[in-house]
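*Asks:* 3D, please:
(one chain, ligands or ions: 1)
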Amino acid sequence: MGVTAVTTTGSKGHRPLLAAGAVAAGAATAAAGYWLCMSPYSQAFGAFPYRGRTRDKVVALTFDDGPNEPYTSQIADFLAERGIRATFFQVGRAVLRSPEVTRRLVADRHTIGCHGFTHEFTNYLGRRTLAQDVRKGQAALATVGLRTALYRPPWLLRTPDLAPVLREHGLTAVSGEFCHALEVFQPRPEMIAERVLAKARPGSIVIFHDGFDGRGGNRASTVAAVRIVVGRLESAGYRFATVDEMLGVPAYA
Ligand SMILES: [Zn+2]
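*Replies:* Below is the predicted model:
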């Protein structure tokens, strides 16, 4: 009503003010929308654990968007050298491309979670396409003999449809904290590592990316950052757990 009254006065002076108000309101709505649907911390659409409840010096390293060679294997080689087990949330279509890499991770006793099938943003917006993507992601993991109970939504995007779809598949949603907001641009490894180390504390679940949307991509900086992070955390007395161990939930159905 107030808006109509102002616009019908025909006073041009009010229009920029109104426009600015609309932009501010739009920005606030977008920010609120981001917080609800994509923030690692929002619990608006059901439980979405981003850290474990422990006082022990233990951290869970997680890797999204793989398998993506040679980076996934480089990370796996390093973790094997150090006797560390981690969690890999894998994209179904990437698993179909490199099933031997996923098998190797399983043989090394890492935990494998589902990270959808396509990793195409629009597929996660509607109930039908979301359900189809989760089903195909699980089917891809089934080709290497896995029936995982853990799911990390691509972009951490949650909608009201997510919880019922995951329930159908017996999946638990898992969040975490991004290693570095600009990891996708592969900044220097030291930059990524510093950010992780600044945030790390007992119970941290760190999100790295060994791939990019299941499409491949250079992840050399991430691989090098993982080496720095592990070295520094070990020196500080930390050990490492898989996400299922950290949260006390089953990894597989
Ligand atoms: Zn992803």
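*Asks:* Give me every residue in the stretch 151-253 of the chain lying close to the ion.
*Replies:* Pro154 (C-beta under 5 Å from the ion). In this view, the C-beta of every residue, glycine as well, is placed from N, C-alpha and C.
*Asks:* For Trp44, list the residues it contacts.
*Replies:* Small correction: residue 44 is Ala, not Trp. The contact partners of Ala44, by C-beta atoms under 8 Å, 6 or more residues apart in numbering, come to 36-37, 158.
*Asks:* From those, list the buried ones, please.
*Replies:* Neighbour-count burial (16 or more other C-beta atoms under 10 Å) is assigned, among the contacts of Ala44, to 37, 158.
*Asks:* Phe45 is in contact with Leu156, isn't it?
*Replies:* No: checked against C-beta atoms under 8 Å, the pair Phe45 and Leu156 is beyond contact range at 10.8 Å.
*Asks:* any idea which of the contacts of Ala44 is closest to the ion?
*Replies:* Comparing the contacts of Ala44 against the ion with C-beta to the ion places Arg158 closest, at 13.6 Å.
*Asks:* Look up the pLDDT of that closest one for me, please.
*Replies:* Predicted confidence (pLDDT) for Arg158: 94.
*Asks:* again with Ala5
*Replies:* 39.
*Asks:* Relative to the ion, how far out is Ala86?
*Replies:* Separation of Ala86 from the ion (C-beta to the ion, to the nearest Å): 16 Å.
*Asks:* What sits closest to that residue if chain neighbours are left out?
*Replies:* Nearest residue to Ala86, sequence neighbours excluded (C-beta to C-beta, 6 or more residues apart in numbering): Leu61, at 4.2 Å.
*Asks:* Next up, the contacts around that neighbour.
*Replies:* For Leu61, the contacting residues are 79, 84, 86-87, 206, 208, 226, 229-230, 240, by C-beta under 8 Å, 6+ apart.
*Asks:* Got phi/psi on it?
*Replies:* Backbone torsions of Leu61, given as degrees, to the nearest 10, read phi -90, psi 130.
*Asks:* max-length helix in this structure?
*Replies:* Under DSSP state H, the helix in the chain containing the largest number of residues is helix 14-38.
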